[in-house]
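Enquirer: quick check, what structure comes out for this input:
(one chain, ligands or ions: 4)
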Amino acid sequence: MKDRIADIWGARTPHARDTPWPVRVDTHFDSSVSEGDVDRWVQSACVLCSNGCGCDIAVKDGRMVGIRGRAADTVNHGRLGPKGLYGSWQWSRTDRLTRPLVRDGNGALVESDWDTAMDRIVERSRQLLATDAGALSHGFYTSGQLFLEEYYTLGVIGKAGLGTPHMDGNTRLCTATAAAALKENFGSDGQPGSYSDIEATDAVFLFGHNMAETQTVLWMRVLDRIHGPNPPRIVAVDPRTTKVAEAARATGGVHLAPLPGTNQALMNALIREVVHNGWVDERYIEAHTLGFDELKATVEPYTPEHSAGICRVPADDIRRAARIFGTSERVLSTVLQGFFQSHQATAASCAVNNLHLLRGMLGRPGCGILQMNGQPTAQNTRECGADGDLPGFRNWDNVEHVRQLAKLWNVDPMTVPHWAPPTHAMQIWRYCEQGSIGLLWISGTNPAVSLPELPRIRRILQQESLFTVVQDGFLTETARYADVVLPAALWGEKQGTFTNVNRTVHLSDKAVEPPGEARSDLDIWLDYARRMDFRDKDGAPLITWSGPEEVFEAWKECTRGRLVDYTGLTYDRLRGGSGIPWPVNEQAPEGTDRLYADAEFPTHPDVCETYGHDLLTGGALSEQEYRAKNPDGRAFFKAAPYVSPPESPGEEYPFVLTTGRTAYHFHTRTKTGRSRQLQRAAPGVWVELSVGDAARLGVREGDLVRLESPRGAMQGPARIGRGRDGVVFTPFHYGYWDRPGTDGAAPGGSPSAANELTITEWDPVSKQPLFKIGTVKVVRMADATGPSPAPTTTASAPADPDGVPATVGGPGAEEREHPDACEPPRPPRQPEAPPQPPGSGGTTSTTGTKG
Ligand SMILES: Nc1nc2c(c(=O)[nH]1)N[C@H]1C(S)=C(S)[C@@H](COP(=O)(O)OP(=O)(O)OC[C@H]3O[C@@H](n4cnc5c(=O)[nH]c(N)nc54)[C@H](O)[C@@H]3O)O[C@H]1N2
Ligand SMILES: Nc1nc2c(c(=O)[nH]1)N[C@H]1C(S)=C(S)[C@@H](COP(=O)(O)OP(=O)(O)OC[C@H]3O[C@@H](n4cnc5c(=O)[nH]c(N)nc54)[C@H](O)[C@@H]3O)O[C@H]1N2
Ligand code: SF4
Ligand SMILES: [Mo]
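Expert: Ligands and ions are numbered 1, 2, ... in the order given. All right, here's what the predicted structure looks like:
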C-alpha cells in the first residue's frame, strides 16, 4: 500500500533504453469497498489531464466506487496519478446539479424542468436570429473536456445549422498554440511524436512544461528511464525549480530559468548555437524544408551572451543546453504552458519545431516532438471544429475544403462560415462586452475563474444584454451568473470517445446513471437542434444521429482522406485492449505511432490547414503567396526576432507574476476540490516568493500577502519557495465555490483567484491569452498564523523545510500498486463527507443576479 498523496509518482520500475516500459497496475477504492465487492468494471480513460490514462471504473450498486489503471493500455501501462486515483470519480455523488435552473421574477436562480429551460433558450435564439445580426448574435464557448461526439454535434449545429463563426473552446486558453505551431511548421495540426519515444530517447527537453505535476504518469515513464541504465539527460526550461528542474540537475542536464516572457530570445540563441556548431542534418534540410536561410539570418544576433542578458540566465547554460540538443543521438521535446501562455507563444513553440527540423529529428523512435495538450479532450475540440476551425483539420480559407463539408452535411456552402477566420474566444467575449453577441452558451468550462482579468469577465456576465446558458455538472462560479443552467451528465455517466496528446483514441463507456434529470451534452444539443428544427438544403433534418456511436460513424466520414483519419476505428475495436492512435485506415489498420516517418508533410496548398502567418504580427499569408512558395510536402522553418513583452516590471509593479498548477488540483477544482485526499493536500491558495525577494520585503513563511496588478488584487499566505528572484507565482485553482459568502466580486471578500490579476492580451497567431506574464506589487498584510498551505512534495516545496509539515494523504489515501503491493487489505472505514459548496442542499441562489 502506498500513500500516493505523499508519493505522487509511486514505485519505480526502471528499465534500459529500447526496452519496454514495465507494467504497474494502480488501483484505488472508496474506503467502504474492497475489490471483491465490485459488481462490474467499465472501460474508460481518465479525464483529469491530456495524458488520457486507460482505466476501468469500478461500479457497485449503481455507483462509481473505484478505479484501476489498464495494464494493456499503451498510454499508461496500468499506472494512474493522484488525480486519477482520488479525483476521477469521488465527486459523482456530491452536490451535483440535478435539475435545470432558470431565473424567477426576482432574478433568483430556481429549479425548473427541461421544457421550460430549453424553451427559454429557443425563444431567445429565435428572437436573435430574426434580428439583423442573425447568427452573428450567437456565441458558443465550450471545452476541452467533453467527448468527440459532443463537439462534432456542436460544430455541425454552429456551422451548418446556425452559421455562426463565433464558436471556440477554452482550448484557446489551453492548446491553441500547440495547434498553431504544428500548422505553421508542418501544415496541419496533429502530434508528430509518440509517448513511446521516451523509451528510445537520449535527451528530453521540457519547454515550459512541469510534466512532473501536470502529466504525472508521463513523468513516471521518464523517471523509469532516469532510474534505469543509460538514462536520458533532462533539460528544463522553467523559471521555477520544479521536479523537472531537479531532474535536469540530477541527470547532468541543464535547468534554464528564463525570466517569464523571454522564451523567444532563449530559443533563438539555442538555434544559433546548433547552426554555428554545424549540428545540423544538411541533407534533411535540403530535401524536406523551406526557409533555412531566413531562420539563420534571424537568429544571428542572438549570441549566448546577448540572450543570457535578456533571459537573465548564464550564457554557458545556453551553450550546454544547445550542445545536448545538438549532440545527443535522439532528442524528445515537449512544450506546454510556459511557452503556450507566455509572450511570443507561437514563435517560441515553432522554434522547438525548428530545432527538430534542423537535426532531422522527426518520425524516428526517440526523436519526437510533443506540442502538448492540457485538457483530456482538447485534441477533439480542435479536430471536430468546436474551436471554430473547420472539422477534419480543414482550411477555412480553402473553398474546396468548405465545399467538402457542405456536401457532407448537405447544406449550401454559403451557410458554412468561411468569409473570415473563426472568431477566437477572447474576441467572442469582446463581442459579448460590446453587445453584438446576445446569447452565449457556455459548456464544460468555468470562465468566471479561468479567464484573464476576472473583474472584466464578471462585468460581462452581468450585462443585461447578454443571455447566458451554462451547462455543467455543478453550480460553478460561472453558473451563478447564468440565465439558464443545464445539469450535465459527466464522465462515467455517458458514453463517448476522446483523443489524448499522442493521438490515442479511447472509448469511455457509461458506468452509472447521471444524477436526477442530468443529461449528456450530446442529448442537450440534440434536443436544441430538434426544437430549432435545423434542416439541410432538401428539407430533411440536419442532424441525422441520435446517439454517440452514430455520431462517431458520421465523424469517420468527415475525416476520410484527411491526416486525422478515423475511418479504421469502431467502438468495438476500442474495447478490450488499448487505445489506438490515429490515423487508422486501410494503410494503417493498427493505427500510427508517430507521424512524418517519410518526411512528407501535409503542406501542399490543397491539403494544408493554413496558408501561414507572420509570427510577429499575426498577419495571414494569402493563398497566392503560399502557392508561390511551392511547399509541396516540405516543412517550414518559422523565424521571428525577440520583442519585449506587453508588460514589464517597473517602479509601481516591480515583480513578474506567473501562474499555473499544482499536482493535486485540476483547474477550478470542481472535481478535485470534492476529493478529500486532494483537497487536504492543497487546501488553499498561496503566493510563492523567492528567498531573496521575501527577505527584501520582510515577508516570512505563511505571512498574508496581497498581490496587486493594474487590473485587480488577490491575497494568500506566502510560501518562501525556490523560484528565481523577481518572479512571483500563484496557482490559479482557487475560485470561491467552496467558501460561502466570498464572491470575488463582493466588497470585503477575500479574492483568491489568480485571474483577478492577469492581463487581457493574446498571442498574435494562436490568440492564446498570456496567463504567464503580467506585473504585480506585493503588499504584506499580516503575520503568519502558521506555514502556508502550499504542498511540500512539488515545485512549491519551501526553501527551508524547517517547521513546515510534509504533505501526506493519511487515512483514505492508500492505493494498491501491483506487483509490489504486499500489505493485507485494511478493514472498511466510513467515508468522510466531501467539502460542501455554498447552496448545496437547495439550488436557489441569488449570487450574480443580473440587474
Ligand atoms: N495537476 C494538474 N495537472 C494538469 C492540469 C491541472 O490543472 N492540474 N491541467 C491540465 C491542463 S488543461 C494543462 S494546459 C496542463 C498545463 O501543464 P503545464 O504547462 O506543465 O503547467 P503550468 O503550471 O500551467 O505551467 C508550466 C510551467 O511554466 C512555467 N512558466 C511560467 N512562465 C514561463 C515562461 O515565460 N517561460 C517558461 N519557459 N516557463 C514558464 C511555470 O513556472 C510552470 O512551472 O496541465 C494539465 N494537467
Ligand atoms: N491564471 C491562469 N489561468 C488559466 C490557466 C493558467 O495556467 N493560469 N490555464 C488555462 C487553461 S490551460 C485551461 S485548460 C483553463 C481551464 O479552465 P476551465 O475550463 O474553466 O476549468 P475547469 O475547472 O476544468 O472547468 C471545467 C468545467 O466543466 C465541467 N465539466 C466537466 N466535465 C463536463 C462534461 O462532461 N460536461 C459539462 N457540461 N461540463 C463538464 C466541470 O464541472 C467544470 O466546471 O484555465 C485557463 N486559465
Ligand atoms: S496522468 Fe492525467 S490522465 Fe493519467 S491518471 Fe493522472 S490525471 Fe489522469
Ligand atoms: Mo489547459
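
Enquirer: drop to CA atoms for contacts and neighbour counts, all remaining ones
Expert: Fine.

Enquirer: so what's the residue of the stretch 551-700 of the chain found nearest ligand 3 up against?
Expert: Distances between the stretch 551-700 of the chain and ligand 3 by C-alpha to the nearest ligand atom are smallest at Phe666, namely 8.2 Å. Neighbour list for Phe666: Leu48, Cys49, Lys83, Thr672, His733 [criterion: C-alpha atoms under 8 Å, 6 or more residues apart in numbering].

Enquirer: so it: helix, strand or coil?
Expert: Phe666 falls in the coil class when you classify it by DSSP: H, G, I helix; E, B strand; the rest coil.

Enquirer: could you find the closest non-adjacent residue to Met220?
Expert: Nearest residue to Met220, sequence neighbours excluded (C-alpha to C-alpha, 6 or more residues apart in numbering): Trp9, at 5.8 Å.

Enquirer: which residues does that neighbour contact?
Expert: Gly81, Thr216, Val217, Trp219, Met220.

Enquirer: in terms of contact, does Asn76 touch Cys53 like I think?
Expert: Yes: counting by C-alpha atoms under 8 Å, Asn76 touches Cys53, with 5.3 Å between them.

Enquirer: how near is the most centrally placed residue in the chain to Ile5?
Expert: Centroid-nearest residue in the chain, with C-alpha atoms, centre = their mean: Gly374, separated by 2.4 Å. Taking C-alpha to C-alpha, to the nearest Å as the criterion, Gly374 is separated from Ile5 by 21 Å.

Enquirer: cool, and Gly633?
Expert: Taking C-alpha to C-alpha, one finds Gly633 at 48 Å from Ile5.

Enquirer: so those two - more neighbours on which side?
Expert: More crowded of Gly633 and Ile5, by other C-alpha atoms under 10 Å: Ile5, with 28 against 20.

Enquirer: secondary structure class for that one?
Expert: Recorded secondary structure, Ile5: coil (three-state DSSP).

Enquirer: check Glu625 too.
Expert: Applying three-state DSSP: Glu625 is helix.

Enquirer: that one and ligand 4, how far apart?
Expert: From Glu625 across to ligand 4, the span is 34 Å (C-alpha to the ion, to the nearest Å).

Enquirer: in contact with that residue, which residues are there?
Expert: For Glu625, the contact set (C-alpha under 8 Å, 6+ apart) is empty.

Enquirer: show the pLDDT at it.
Expert: Note on Glu625: pLDDT of 97.

Enquirer: only alpha carbons, please: show stretch 170-180 as PDB.
Expert: C-alpha atoms of stretch 170-180 as PDB (Å, rounded to 0.1, in the frame of the first residue of the first chain):
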ATOM      1  CA  ASN A 170     -11.400  27.000 -23.500                       C
ATOM      2  CA  THR A 171      -8.800  25.200 -25.600                       C
ATOM      3  CA  ARG A 172      -8.000  28.700 -26.800                       C
ATOM      4  CA  LEU A 173      -6.600  29.200 -23.200                       C
ATOM      5  CA  CYS A 174      -5.000  25.800 -23.300                       C
ATOM      6  CA  THR A 175      -3.500  24.400 -26.500                       C
ATOM      7  CA  ALA A 176      -4.400  26.800 -29.300                       C
ATOM      8  CA  THR A 177      -0.600  27.400 -29.600                       C
ATOM      9  CA  ALA A 178       0.100  23.700 -30.000                       C
ATOM     10  CA  ALA A 179      -2.200  23.700 -32.900                       C
ATOM     11  CA  ALA A 180      -0.900  26.900 -34.300                       C
END
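
Enquirer: can you list contacts of it?
Expert: Residues contacting stretch 170-180 (C-alpha under 8 Å, 6+ apart): 141-144, 188-190, 336-337, 340-341, 345-346, 349, 371-375, 378, 381-382, 387, 424-425, 445, 451, 765-769.

Enquirer: likewise stretch 510-526?
Expert: Against stretch 510-526 from outside (C-alpha under 8 Å, 6+ apart): 42, 57, 59, 62-64, 93, 96-99, 146, 149-150, 153-154, 471, 473, 486-495, 543, 546-548.

Enquirer: would you show me how to pick out the buried ones of those residues in ChimeraX?
Expert: With 16 or more other C-alpha atoms under 10 Å as the criterion, this ChimeraX line picks the buried residues out of those:
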select :42,57,59,63,64,96,97,98,99,146,149,150,153,154,471,473,486,487,488,489,490,491,492,493,494,495,543,548
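
Enquirer: tell me the contacts of the closest residue to ligand 3 within the stretch 751-851 of the chain?
Expert: Across the stretch 751-851 of the chain, no residue is closer to ligand 3 than Glu815, which sits at 12.9 Å (C-alpha to the nearest ligand atom). Listed by C-alpha under 8 Å, 6+ apart, the contact partners of Glu815 are Met1, Lys2, Asp3, Arg4, Asp26, Thr27, His28, Phe29, Leu85.
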